[in-house]
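*Asks:* A predicted structure for the sequence below; I have some questions about it.
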Amino acid sequence: QVQLVESGGGLVQPGGSLRLSCAASGSVLSINDMRWYRQAPGKQRDLVAGITSGGSTNYADSVKGRFTISRDNTKNTMYLQLNSLKVEDTAVYYCNAGVEIYDQHAYKYLELWGQGTLVTVSS
């Protein structure tokens with residue numbers, strides 16, 4: 001079964017740093033665009049950053065200059081480096097990706113979500 005597994009969340013003080021990881025497990029042929037979203041309590045899920053298979057990136061204005069998205073295609077893994085964290089960055093962070101698999105004699109495209117990892121920024 002193909003799935004996205006996240007790790008790296010935790011509690012950090014304002015100004016601190018964390019690194020989130022999102023790994024695709026299972027028999028994946030290729031991964032297209034990958035994205036990080038976040039959802040704060042009582043708010044909608046918002047796009048934080050995205051990265052194409054070729055490495056082009058985009059960021060929400062609120063995280064530009066502080067967060068860095070990257071990926072290692074050899075490991076089917078995406079990362080999000082969070083620096084200069086603020087209290088308002090507190091949220092559950094989700095990864096999202098479009099993956100191609102070969103299953104039951106057919107090529108298939110799946111839109112996958114990770115289970116989420118909690119980032120809490122507090123003094």
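*Replies:* All right, it came through fine. Residues are numbered from 1 along each chain as shown.
*Asks:* for the strand ranked longest in the chain, which positions count as buried?
*Replies:* Longest strand in the chain, counting residues (DSSP state E): strand 91-103. For strand 91-103, burial by neighbour count (16 or more other CB atoms under 10 Å) applies to 91-97, 99, 101. To be clear about C-beta, it is placed using only N, CA and C from the backbone, and glycine gets the same treatment.
*Asks:* how near is the nearest residue to Tyr93 once chain neighbours are set aside to His105?
*Replies:* The shortest distance from Tyr93 to any non-neighbouring residue, by CB to CB, 6 or more residues apart in numbering, is to Arg38 (4.8 Å). Arg38 sits 38 Å away from His105, going by CB to CB, to the nearest Å.
*Asks:* quick one, which of the two is more surrounded?
*Replies:* Comparing Arg38 with His105 by other CB atoms under 10 Å, the one with more neighbours is Arg38, at 23 against 5.
*Asks:* pretty sure the more buried one sits against Glu88.
*Replies:* No. Assessed by CB atoms under 8 Å, Arg38 is found out of contact with Glu88, at 10.5 Å.
*Asks:* in the chain, what residue sits furthest out from the centroid?
*Replies:* Outermost residue of the chain with respect to the C-alpha centroid, by CA atoms, centre = their mean, is His105; its distance is 29.9 Å.
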